[in-house]
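Task: produce atomic coordinates for the following.
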Amino acid sequence: MKARDDVLDAVYKRACGYAAREIVEEFAVVDGNLELVKRRVTVKDVPPDMTAAKMVFDSGDVSSLTDEQLEAERVRLLRELENKSAFDDN
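Residues are numbered from 1 along each chain as shown. Predicted coordinates for the structure are as follows:
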């Protein structure tokens, strides 16, 4: 099913975190024509989401991951848990 695969891909992306690029353009009328006067490009980092990571692992669809990818995800999740517990202690 394509829709299910699309959803799983989106959840996996959210679980791992990603960078989102946003472009804002401002136009003005100059001599009767619209001209671009300002263009701002920002990149926003979306951090990994633990709930999405849990959904990925609970879906049982981790068989396609290599051992290196699984180990990297395990290390990343442990680091995320440590950061969260350190934040909760303050």
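
Can you point out the helix or strand that includes residue 28?
Per DSSP states H and E: residue 28 is located in strand 18-30.

What sits closest to residue 25 if chain neighbours are left out?
residue 39 (5.0 Å; C-beta to C-beta, 6 or more residues apart in numbering). All C-beta spots, glycine's among them, are computed from the backbone N, C-alpha and C.

Would you mind confirming that that neighbour is in contact with residue 27?
No - here residue 39 does not reach residue 27: they are 9.8 Å apart, not a contact under C-beta atoms under 8 Å.

Any stretches of this protein with poor pLDDT?
1, 4, 59-65, 85-90 (pLDDT under 70).

Please repeat the previous calculation with a cut-off of 80.
Counting by pLDDT under 80, the chain contains low-confidence ranges at 1-8, 54-67, 69-71, 73-74, 77-78, 80-81, 83-90.

mind listing the strands in it by residue range?
18-30, 33-46 (DSSP state E).

Which among those is found nearest to residue 68?
Relative to residue 68, the nearest member of the strands of the chain by C-beta to C-beta is strand 18-30, separated by 19.6 Å.

Would you pull up how far that closest one lies from the middle of the chain?
20 Å (C-alpha atoms, centre = their mean, to the nearest Å).

Count the neighbours of the residue nearest to residue 14 when sequence neighbours are not counted for me.
Spatial nearest neighbour of residue 14, chain neighbours left out: residue 52 (4.1 Å); criterion: C-beta to C-beta, 6+ apart. Residues near residue 52, counting by other C-beta atoms under 10 Å, number 17.

contacting residues for residue 52?
11, 12, 14, 15 (C-beta atoms under 8 Å, 6 or more residues apart in numbering).

re the thing from before, any chance of the strands of the chain in JSON lines, plus distance to residue 56?
As requested, the strands of the chain are exported to JSON lines (distance: least, C-beta to C-beta, whole Å):
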{"stretch": "strand 18-30", "distance to residue 56": "14"}
{"stretch": "strand 33-46", "distance to residue 56": "16"}
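
among the ones you listed, which is nearest residue 72?
Per C-beta to C-beta, nearest to residue 72 of the strands of the chain: strand 18-30, 15.3 Å.
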